[in-house]
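> The amino acid sequence is not available; the structure is as follows:
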């Protein structure tokens, strides 16, 4: 999986970059079909905003995009909040992809008659 970490109006230090990669890669343990991840940090300069650091994560899987964004007083808190949102979305996606084939297979089996043994020979019937 390719991970890109960018900063918008903010210089991303190596510590923050490595922390973002380490924490956000945990979603790969839940579901390993991701192609790439883009993490963008931005900072608001308005003093009235309580959480000035904003973290946006876009995760690309085959045909699916998951997006989570969160703000915090510092980059570490923003990463934690975004990771929690992203983990929830990954679990939901995996549940959908895994349970649908199982549900379809169960529906097909319910439509078929249960096996009751070999059919009787018509010559034996009265």
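Sure, I can see it. These figures come from a predicted structure and were not determined experimentally.

> in this protein, which spans are strands?
Along the chain, the segments classed as strands by DSSP state E run 2-8, 34-43, 53-61, 64-72.

> Out of those, indicate the one that is most buried.
Using mean count of other Cβ atoms under 10 Å, the stretch among these with the greatest mean number of neighbours is strand 53-61 (a mean of 21). For every residue, glycine as well, the C-beta is placed using N, CA and C.

> Tell me the spacing between the most centrally placed residue in the chain and residue 74.
When the chain is reduced to its mean C-alpha position, the closest residue under Cα atoms, centre = their mean turns out to be residue 90, at 2.0 Å. Distance of residue 90 to residue 74, computed by Cβ to Cβ, to the nearest Å: 24 Å.

> Residue 83 now?
Here the criterion is Cβ to Cβ. By it, residue 83 lies 14 Å from residue 74.

> try residue 54
When Cβ to Cβ is the yardstick, residue 54 and residue 74 sit 11 Å from each other.

> pretty sure residue 90 contacts residue 30?
Yes: the pair residue 90 and residue 30 passes the contact test of Cβ atoms under 8 Å, sitting 5.0 Å apart.

> the more surrounded of residue 83 and residue 74?
Between residue 83 and residue 74, counted using other Cβ atoms under 10 Å, the more crowded position is residue 83 (21 against 11).

> dump the residue contacts of the spatially closest residue to the more buried one that is not a sequence neighbour.
Nearest-residue entry for residue 83: residue 23, 5.0 Å, with adjacent residues in sequence omitted and distances by Cβ to Cβ, 6 or more residues apart in numbering. Shown here is residue 23, whose contacts under the criterion Cβ atoms under 8 Å, 6 or more residues apart in numbering are 79-80, 83.

> same thing with residue 2?
35-37 are the contacts of residue 2 under Cβ under 8 Å, 6+ apart.

> Report pLDDT for it.
The per-residue pLDDT reported for residue 2 equals 89.

> cool, and residue 37?
So residue 37 comes in at 93 (pLDDT).
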